[in-house]
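Undergrad: Make a model of this:
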Amino acid sequence: MSDLTHQRSTVQARQEGRLADTGIDLRSDPRLHPRLRAALAAFGLDGHAAPPPFDRGAAPDAVAEFVGQSHAAFEGLYAALPNEWPGETPSGVAHRIETVRGVDGNEIPLHVRRPAGTEEPLPCTVYIHGGGMTILDAHNRVHRQWSEDLAASGMVVVTVGFRNAWTPEGAHPFPAGLDDCSTALDWIHEHREQLGVTSIVLQGESGGANLALATALKAKRDGRLDRFDGVYAMVPYISGGYGWDHGRKLRELPSMVENDGHYLNCAMMDLLVAVYDPTGENAENPLCWPYFATEADVEGLPPHVITVNELDPLRDEGIAYFRTLQRAGVPVVGRVNLGLTHAADMSFRQAVVEAYKGAVRDIRGFAGSL
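TA: This is a model prediction of the structure:
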C-alpha cells in the first residue's frame, strides 16, 4: 500500500457541531446564519440550551409544572420576536372562526383565512402549529402571522386549534390532538365548496408536522384518503427518541447528538414526550410517532414535501421519513435548509426573511400544483 493510499484509508470524514466538539454552541458554530445568530443572541438563545432540572422519572406534577413553564417561556419568546418587514403593507386577509365538535364532545376552533375580496376557488392549506403536540397556542403572534402570510400568497388557510397534551386545565395526551386534526380535516373536506377550495394540503412544523403526517397515516388506515391532496411537513418532530441512550442516537439519528442544545435540548423534548404519551405504550406507534411508519403504512399516500434544517436536533428523523416515503413510491420532495435552527424559517420572520418567504412560496406552489 502506498503512503498516499494509507493516508486516505485512515482519514475520517469531517464531523460537525457537537460531534466534532462537545463544547460548541450556536454562537461558536460557524454554520449558523449570521442574522439568525444575532436574533438568537438578542434573547440569550445563542448558547447551549440548558437541560431541565430532572428527567421523565420525576413526579408527574413536577413534569407538568415544568412543561407549563416551557409553554409560557416559548409564548413569551414568540410574542417578543421582531417580525416586521421594512415598508410592509397590511396583508389584506379576511379572518373568521368556525367551531367544530370533536370526538370527545370538545370544541375545536378553526381559524379560516383567505385573501380579502376573492371569491374564486383557491388551494387550501390546513395549518397545524408546532409545540411538540404539547405546548403553544394556535393563535399566538407567530402562528397568526404565518397563517396570514400563507393566505396572502393566494390560499385559503385553516388553522386548527387542536388540544395540546398539556393545558392549564389538565392533560389531553395522545390521541386527543390527532383526533382533533382528523375531525377538522373531515369538516374541511365536507365543506370544500362552502370554503371555496380546490386542493387540500396538510401543513405543519415540528409537532404540527407530526400531526400532519399522523393525520395522513390515520386517513389511510380509515379509508379516508379522499380528504386531502398532499402533505407539507417542516422540521418534523416524529421519533419520540429524545431520551434514547447516546449509542442509539448515534446509530439512528446522529443529529440529536450533533445539534443537541442548538435552540432545542433533547432532554427537554423528552419531557414533552412524557406528557404526550405518559405510559410509553405508543413509543413505536406510527400514529403517535410517524418515524416508525413502515413502507406499507405510507404506500399509496398523496404527494409529500419534507423539509429539515441543518442545525436542528430533529434533522435526521425528517430525512429518515423522507427515505421511507421514497422507498414506498410516494411522490416526495426533500429539502435541507442550511444554516438554520429548528423552525427558524417560519418563526424568525425578520431575521431570515429569504428563507421565510421561500417557504411560503414553496407551500403555495405545492398546494397549487395538486
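
Undergrad: From what I see, M346 and Y232 are in contact.
TA: No - using Cβ atoms under 8 Å, M346 makes no contact with Y232, being 11.3 Å away. All C-beta spots, glycine's among them, are computed from the backbone N, C-alpha and C.

Undergrad: Let me know the secondary structure of I200.
TA: State at I200, reduced to three classes by DSSP: H, G, I helix; E, B strand; the rest coil: strand.

Undergrad: quick thing: my sequence starts at 55, can you match it?
TA: Yes, from this point I'll number from 55; that puts the last item at I254.

Undergrad: Is it correct that it is in contact with D280?
TA: No - between I254 and D280 there is no contact under Cβ under 8 Å: 9.9 Å.

Undergrad: Looking at these two, which one has more neighbours?
TA: More neighbours surround I254 than the other of I254 and D280, with 24 against 10 (other Cβ atoms under 10 Å).

Undergrad: before we move on, back to that, shared neighbours of I254 and D280, anything?
TA: Common neighbours of I254 and D280 (criterion: Cβ atoms under 8 Å, 6 or more residues apart in numbering): H243.

Undergrad: Next, N160: phi, psi?
TA: Per-residue torsions, N160: phi -80, psi 160 (degrees, to the nearest 10).

Undergrad: For the nearest residue in space to it that is not next to it in sequence, give me its contacts.
TA: Using Cβ to Cβ, 6 or more residues apart in numbering and skipping residues adjacent in sequence, the residue nearest N160 is R217, 6.5 Å away. Neighbouring residues of R217 by Cβ under 8 Å, 6+ apart: 156, 160, 162, 226, 230-231, 234.

Undergrad: Check P105 too.
TA: When contacts are counted by Cβ under 8 Å, 6+ apart, P105 touches 319, 321-322.

Undergrad: want to throw the residues you listed into a markdown table with distance to N264 and secondary structure?
TA: Formatted as a markdown table, the entries for the contacts of P105 read as follows, by distance: Cβ to Cβ, whole Å; DSSP: H, G, I helix; E, B strand; the rest coil:
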| residue | distance to N264 | secondary structure |
| --- | --- | --- |
| N319 | 18 | coil |
| A321 | 19 | helix |
| M322 | 16 | helix |
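
Undergrad: Closest to W241 out of those?
TA: W241 has its nearest neighbour among the contacts of P105 in M322, at 33.9 Å by Cβ to Cβ.

Undergrad: Settle this for me: the closest one is touching A127, isn't it.
TA: No - look at M322 against A127 with Cβ under 8 Å: they stay out of range, at 10.5 Å.

Undergrad: ok, what's across the strand from the closest residue to L249 other than its chain neighbours?
TA: The spatial neighbour of L249 that comes closest, neighbours along the chain excluded (Cβ to Cβ, 6+ apart), is V210 at 5.7 Å. Beta bridges link V210 to C178 when assigned by DSSP bridges.

Undergrad: and V210, how many neighbours?
TA: Burial of V210 is recorded as 25 neighbouring residues (other Cβ under 10 Å).

Undergrad: tell me the contacts of it?
TA: Counting by Cβ under 8 Å, 6+ apart, V210 touches 166-168, 176-179, 249-251.

Undergrad: repeat that with 10 Å
TA: Contacts were defined as Cβ atoms under 10 Å, 6 or more residues apart in numbering; by that measure V210 touches 166-169, 172, 175-180, 204, 242, 246, 249-252, 254, 421.

Undergrad: Please convert the buried members of those residues into ChimeraX selection syntax.
TA: Remark: buried members of the contacts of V210, expressed as a ChimeraX selection using 16 or more other Cβ atoms under 10 Å:
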select :166,167,168,169,176,177,178,179,180,204,242,246,249,251,252,254,421
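
Undergrad: Give me the subset of the contacts of V210 lying in helices.
TA: Taking DSSP state H, the ones among the contacts of V210 that sit in helices are 204, 242, 246, 249, 421.

Undergrad: didn't H125 look like it was pressed against L131?
TA: No - H125 is beyond contact range of L131, at 11.0 Å (criterion: Cβ atoms under 10 Å).

Undergrad: neighbour count winner among these two?
TA: Between H125 and L131, H125 has the larger neighbour count (other Cβ under 10 Å), namely 21 against 14.
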